[in-house]
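Trainee: Here is my input, please return the structure:
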Amino acid sequence: MMKRLPVFLQSGVCLFLAFQATAQATPRESVQESIESQSFDDLLSQDQILENSSDLDAASTALWEKYRKTVTADGGRIEEQTTRMITYGDKTMKFSLSKKGDKPENGYPLYIALHGGGGAPPYVNDSQWEHMKIYYLDSVDTGVYVATRGVTDTWNLHFVDESYALYDHLIENLVAFENVDPNRVYIMGFSAGGDGVYQITPRMADRWAAANMSAGHHNWITFDNLYNTPFLMQMGQFDSAYKRNTVAVENHITLNQLQAEHGGYVHELFLHERGSHNSWRDNDASRREHNIIANPEAWLKGEPTSTIQKNTNAIDWLNQYARNPYPQKIHWDPKTAAPRTTNLGSRYLVDPTLESLLTEPKELFYWLDLAPQEGEWNAGVIQASFDKTKNSIQLVPAESMDGMRVLIHQSMLDFNQPVNVYVGDELMASVKVQANLRTMTRTLLERGDPEYMFHGEIQVKKTADGQWTVQ
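Mentor: Numbering: from 1, shown residues only. Below is the predicted model:
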């Protein structure tokens, strides 16, 4: 049975927010014991309210440790780490792994490197993979360096549909087994590997701290989702096959325009002077500076250009950045999403009906969740932001959408004060958000990432007459 509690808006309209009548606060001293003693099914089936930040900290630590222990005791995942092979559907991703240096306090950075080749016999792609196992390795001082083998031998070997779920799986395993810092996961690739970076980064932008694309072609991807994901493109000036060089400059201009309009969109283009497809260095471990075109836009127009010298080492550029899992502002085009429908955490639920409570990964992006969306997604970019000083959320939904959840971490907003929810410039409601173990458990099971374990949530829906409401 549900209690319906009225919330009065400034406009005088009364909305009703539903809360479980059975919800009850969990005493602070029992939070850890409660989590340890219950199954994930239990935690997902009940509303156990947490009333203060110390409870949330204890619950977050206990829940992640419970999940990590479950993953590292999973025989199938142990075998994946041992054999260096992960299977999804009928595709298997092989990977190599090298670890260097002492573990930093927050865990190792992870560098995922994609090899060249593609559209070639297996032995060619295998040889390219062998080369990528060492290609950037000398530039890594501390970290986990992984080279993945493309799951096919086709031209798009790094970004067939099954690949995206496999990257998720790989990252989740390495966070649990290899003490990887989920906020310092980087992707890079050369040639066909660069093709992969172009495609993978915008489709999974909330997984990456930063990306380096070298000598690839973007195959018509859009960049709206890179608002919070730094992106480096490296290209030879004379790499004209498939118009790689001119397309790279066009992409640089597109990102310049997005940045000028919205802010964000950290990016650079290193257009290597007189470089062909592979006659330049993005992996120079000596850190020498290399000549790059100073003004790529002028070069594209055929105007005279000068050069500047830069350290073009991809690892060094990536290391400048760490992921913020709770960015203050989000731009999200869900059309540019990876076709990921599998939650690895669902395998730890005994009752299969509970799996329906988990949102598919393709419907999640940072702290937004499209689970309440009922219709087919048509078009448009969602913009969302929060203001900690005003304790507010502002949503600018795309016209074709009819619902979403806002997932809230305690570092984003103050749970002790009402949260003001705006759609556009209109205040829709001021609501009290309750932190609870159900939301924390669900969001952890959805992405297997301790940084994406959210404490509370707000749901907004569009009514039949086109008005937005908070539910």
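Trainee: how close does the residue nearest the centre of the chain get to residue 449?
Mentor: By CA atoms, centre = their mean, the chain has its centre lying nearest to residue 206, at 1.9 Å. Distance from residue 206 to residue 449, counting by CB to CB, to the nearest Å: 9 Å. All C-beta spots, glycine's among them, are computed from the backbone N, C-alpha and C.
Trainee: still on that earlier bit, in space, what's closest to the residue nearest to the centre of the chain - neighbours in sequence excluded?
Mentor: residue 366 (4.8 Å; CB to CB, 6 or more residues apart in numbering).
Trainee: wait, isn't that neighbour in contact with residue 329?
Mentor: No - counting by CB atoms under 8 Å, residue 366 does not reach residue 329; the two are 9.8 Å apart.
Trainee: quick one: common contacting residues for those two?
Mentor: residue 228 (CB atoms under 8 Å, 6 or more residues apart in numbering).
Trainee: Compare these two (neighbour count), which wins?
Mentor: Neighbours per residue, other CB atoms under 10 Å: of residue 366 and residue 329, the larger number sits with residue 366, 21 against 16.
Trainee: Which phi and psi values does the more buried one adopt?
Mentor: Here is the backbone geometry of residue 366 (degrees, to the nearest 10): phi 50, psi -120.
Trainee: dump the residue contacts of the closest residue to residue 462 other than its chain neighbours.
Mentor: Leaving aside its chain neighbours, residue 462 sits nearest to residue 402 (4.3 Å; criterion: CB to CB, 6+ apart). By CB under 8 Å, 6+ apart, residue 402 lies in contact with 372-375, 461-462.
Trainee: For the residues you listed, name the two members farthest from one another.
Mentor: The most widely separated members of the contacts of residue 402 are 375 and 461, with 11.8 Å between them, by CB to CB.
Trainee: Looking at these two, which has the bigger crowd around it?
Mentor: Higher neighbour count among residue 375 and residue 461: residue 461, with 16 against 10, using other CB under 10 Å.
Trainee: can I assume the more buried one sits in a strand?
Mentor: Yes - under DSSP: H, G, I helix; E, B strand; the rest coil, residue 461 falls within a strand.
Trainee: and it, what are its bridge partners?
Mentor: residue 403, residue 469 (DSSP bridges).
Trainee: now swap in residue 368 and tell me
Mentor: Beta-bridge partners of residue 368, as defined by DSSP bridges: residue 365, residue 406.
Trainee: And residue 216, how far from residue 193?
Mentor: In this view, residue 216 and residue 193 are 7 Å apart by CB to CB.
Trainee: who has more neighbours, those two?
Mentor: Neighbours per residue, other CB under 10 Å: of residue 216 and residue 193, the larger number sits with residue 193, 32 against 29.
Trainee: what about dumping the CA coordinates of the host helix or strand of that one to PDB?
Mentor: Here residue 193 sits within helix 192-203, counting by DSSP states H and E. Extracted in PDB, the C-alpha atoms of helix 192-203 (Å, rounded to 0.1, in the frame of the first residue of the first chain):
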ATOM      1  CA  ALA A 192      41.400   0.500 -37.100                       C
ATOM      2  CA  GLY A 193      41.900   1.000 -33.400                       C
ATOM      3  CA  GLY A 194      41.300   4.700 -34.000                       C
ATOM      4  CA  ASP A 195      38.100   3.800 -35.800                       C
ATOM      5  CA  GLY A 196      37.100   2.000 -32.700                       C
ATOM      6  CA  VAL A 197      37.900   4.900 -30.400                       C
ATOM      7  CA  TYR A 198      35.900   7.300 -32.500                       C
ATOM      8  CA  GLN A 199      32.800   5.000 -32.200                       C
ATOM      9  CA  ILE A 200      33.200   3.700 -28.700                       C
ATOM     10  CA  THR A 201      34.000   6.900 -26.800                       C
ATOM     11  CA  PRO A 202      30.800   8.800 -27.600                       C
ATOM     12  CA  ARG A 203      28.600   5.700 -27.100                       C
END
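Trainee: average pLDDT across that helix?
Mentor: The pLDDT scores in helix 192-203 average 98.
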